[in-house]
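A.B. asks: Model the following, please.
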Amino acid sequence: MTTTPAAPTDEPDQTLQAASELLRALASPVRLGIVRELSGGGKYVHELVTALGVSQPLVSQHLRVLRTSRIVAARRQARETRYTLTDDHVAHIVLDAIRHAQE
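C.D. replies: Next up, the predicted model:
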């Protein structure tokens, strides 16, 4: 049995644009690492710095990109800020991409 190629979808340009912006926001090894770390639950910046082995300013810069893209949310707790994923679907995308790269 042969299959025919999938017909072009009628996705609105806005949907494709939003998907493109999501992928652009994830297009950094540090940002992928942040999402991977946050997939297990919320973390503070110092925890991300330790887990990723990069500087605090670099983590903060990448968190800013992820916050602007609404991939992560920040919640102030006393003197620190705890970061969490806004949507578990993004974690699945990142974790699947990492697993695929390991094959």
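A.B. asks: Assumed R82 was part of a strand.
C.D. replies: Yes - secondary structure of R82 (DSSP: H, G, I helix; E, B strand; the rest coil): part of a strand.
A.B. asks: So it is in contact with Y44, correct?
C.D. replies: Yes - using Cβ atoms under 8 Å, R82 is in contact with Y44, at 5.7 Å. Yep, even glycine has a C-beta here, placed from its N, CA and C like the rest.
A.B. asks: burial measure for D96, as a count.
C.D. replies: By other Cβ atoms under 10 Å, 10 other residues sit near D96.
A.B. asks: More neighbours: R82 and Y44, which one.
C.D. replies: Remark: of R82 and Y44, R82 carries more neighbours, 16 against 13, as counted by other Cβ under 10 Å.
A.B. asks: For the spatially closest residue to the more buried one that is not a sequence neighbour, which residues are in contact?
C.D. replies: Using Cβ to Cβ, 6 or more residues apart in numbering and skipping residues adjacent in sequence, the residue nearest R82 is G42, 4.7 Å away. The neighbours of G42, taking Cβ atoms under 8 Å, 6 or more residues apart in numbering as the test, are R75, R82, Y83, T84.
A.B. asks: S39 now?
C.D. replies: Taking Cβ under 8 Å, 6+ apart as the test, what S39 contacts is L85, D88, A91, V94, L95.
A.B. asks: Which residues are in contact with V35?
C.D. replies: Residues in contact with V35 (Cβ under 8 Å, 6+ apart) are L26, L66, I71, V72, L85, V90, A91, V94.
A.B. asks: For the second one, which non-adjacent residue is closest in space?
C.D. replies: In this case it means L66. V72 (4.3 Å).
A.B. asks: What count of nearby residues applies to the one you found?
C.D. replies: Using other Cβ under 10 Å, the number of residues around V72 comes to 25.
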